[in-house]
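> Here's a sequence, model it:
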Amino acid sequence: MNIDLEERMSRMELTGSPVDHGYYMPAEWTPHSRCWIGWPERPDNWRDNAVHAQRVFTRVAAAISRFEPVTVCASSAQWKNARSHLPEHIRVVEISMNDSWLRDTGPTFVIRNSLSDKEKLGRSKVAGIDWNFNAYGGEDGGAYEDFSLDLLIAHKVLEIENAPRFPQSMILEGGSIHVDGEGTCLTTEECLLNKNRNPGFPKVQIEDELKAYLGVKKVIWLPHGLFGDDDTNGHIDNMCCFVRPGVVLLSWTDDKLDPQYKRSLEALSVLTSEVDAKGRKFDIIKLHVPGPLYLTEHEANGLQQGDAKPRIPGTRLAASYVNFYIANGAIITPQFGDKKRDDEAAHVLSLAFPDYEIVRIEDAREIVLGGGNIHCITQQQPASP
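Numbering: from 1, shown residues only. As a prediction, this is how the structure comes out:
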């Protein structure tokens, strides 16, 4: 039986919040059915027509595909190029996009453990939140001017997966939240309370939306994200993340003259004084940042003029080892060419995740040049419970 498009879209779009339907956002270490990754292209954000970034994105996708299925989204102009670079077992789908940050423009997947006989819509145990998006600030400091294609990515991904969709009018990027799957959400005031996101939303309203859409009971606000993370206004996934319930990794520096030191100290103060949704005190693991690293003139000269935010030589890069991806049985972690800190980070992660293989991605600097890193370019799709 054929179902017309309007009927299909109505059937796949759920009214109310995910919590209303029994959904919640699981922790990243929950088993995945798939990982979604974008394909870099725009020459005003990725140097030398993105050839270096594409090489590293390919390396990330191939590494993750050892542990779980991977889908790479590429534009029509880049599909053939992406397909030729990526291993055959990686699925490549054609999706138009303004830039390749699938963590932020793709859906936030939610799950539910049981199906209600009374539920008439969305019988799937996996669904997705389609947040609003304005390219990290819109007219007030956004990373690029035209984000019309990015607004459709989450919807298209959910259509491909035949997963129910929860539309959300609040502007939010996936990299601005981190959950433990047991009721606690981490975020930053620098990002979610920024006037360039949801200026009419007071803090309590944002918390209410996070609780209704992520299924969390408590939101812990760190004051700031990583120093230099101006593109995203301080996403949490560069600053702090959960290892497991009650345990977090925090970007750190021992250098009191480094501007990052104050931010890390502020975050440490909040985390030591807070408890999670279950009443647990946090075990805080410090993960030293690399460098500091700076954009070189050679790297900046490889960018073409466009509507993306200019990259100025000498700008400090927002490089963080916290920006890793938890795959099924592996930690896919960035390496920046700082041997001491690269080795140290791999060691710390191996202790934090003793049952996981630590996979180090060399040349992750190429991703941070564009404004993020491995966690930013990936989006996990949880397996059906």
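
> Near residue 69, how many other residues are there?
Using other Cβ atoms under 10 Å, residue 69 has 15 neighbouring residues. C-betas here are computed from N, CA, C, even on glycine.

> Identify the residues contacting it.
Residue 69 makes contacts with 33-35, 91, as judged by Cβ atoms under 8 Å, 6 or more residues apart in numbering.

> what's the average pLDDT for stretch 124-135?
For stretch 124-135, mean pLDDT is 96.

> now stretch 200-209
Rounded mean pLDDT across stretch 200-209 is 96.

> Run through who's touching it.
Contacting residues not belonging to stretch 200-209 are listed as 168, 170, 189, 192-193, 198, 219, 221 [Cβ under 8 Å, 6+ apart].

> Equivalent analysis for stretch 153-164, please.
By Cβ under 8 Å, 6+ apart, stretch 153-164 touches 12-14, 36, 71, 73, 93, 95, 97, 102, 105-107, 109, 121-122, 124, 126-131, 165, 381.

> chain center to it: distance?
Stretch 153-164 sits 17 Å away from the centroid of its parent chain (Cα atoms, centre = their mean, to the nearest Å).

> returning to what we had before: ok, of the contacts of stretch 153-164, which come out buried?
12-14, 36, 71, 73, 95, 97, 102, 105-107, 109, 122, 124, 126-131, 165, 381 (16 or more other Cβ atoms under 10 Å).

> Sort out for me which of those are in helices.
Those of the buried ones among the contacts of stretch 153-164 mapping onto helices are 12, 102, 105, per DSSP state H.

> tell me which of these is nearest to residue 368?
residue 102 (16.4 Å; Cβ to Cβ).

> who touches the closest one in this structure?
Contacts of residue 102 (Cβ under 8 Å, 6+ apart): 36-38, 73, 153, 377-379.

> Can you lay out the ones in helices among the buried ones among the contacts of stretch 153-164 as CSV showing pLDDT and distance to residue 279?
Compiled in CSV, those are given as follows (pLDDT from 0 to 100; distance: Cβ to Cβ, whole Å):
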residue, pLDDT, distance to residue 279
12, 82, 38
102, 98, 34
105, 98, 35
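
> Let me know the closest of these to residue 370.
When those are compared against residue 370 (criterion: Cβ to Cβ), the nearest one is residue 102, at 13.0 Å.

> Okay, that closest one and residue 91: tell me how far apart.
Computed as Cβ to Cβ, to the nearest Å, the residue 102 to residue 91 distance reads 14 Å.

> Next: residue 72.
Separation of residue 72 from residue 91 (Cβ to Cβ): 7 Å.

> Between the two, which has more neighbouring residues?
It is residue 72, of residue 72 and residue 91, that has more neighbours when counted by other Cβ under 10 Å, with 27 against 16.

> any chance you could map the helices in the stretch 251-385 of the chain?
Using DSSP state H, counting those that start in this stretch, the helices of the stretch 251-385 of the chain run over residues 259-273, 297-301, 339-352, 365-368, 374-377.

> Packed most tightly, which of the ones you listed would that be?
Highest mean neighbour count of the helices of the stretch 251-385 of the chain: helix 374-377, a mean of 28 (counted as mean count of other Cβ atoms under 10 Å).

> picking up where we left off before, using JSON lines, lay out the contacts of residue 102 together with distance to residue 237 and pLDDT.
What follows is those, written out as JSON lines (distance: Cβ to Cβ, whole Å; pLDDT from 0 to 100):
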{"residue": "36", "distance to residue 237": "15", "pLDDT": "98"}
{"residue": "37", "distance to residue 237": "15", "pLDDT": "98"}
{"residue": "38", "distance to residue 237": "15", "pLDDT": "98"}
{"residue": "73", "distance to residue 237": "19", "pLDDT": "98"}
{"residue": "153", "distance to residue 237": "18", "pLDDT": "98"}
{"residue": "377", "distance to residue 237": "11", "pLDDT": "98"}
{"residue": "378", "distance to residue 237": "10", "pLDDT": "98"}
{"residue": "379", "distance to residue 237": "11", "pLDDT": "98"}
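
> Looking at these, which is nearest residue 306?
Relative to residue 306, the closest of those is residue 38; by Cβ to Cβ it sits at 17.4 Å.

> you'd agree residue 212 is in a strand?
No - assessed with DSSP: H, G, I helix; E, B strand; the rest coil, residue 212 is helix; it does not lie in a strand.

> any idea how far it is from residue 174?
Applying Cβ to Cβ to residue 212 and residue 174 gives a distance of 17 Å.
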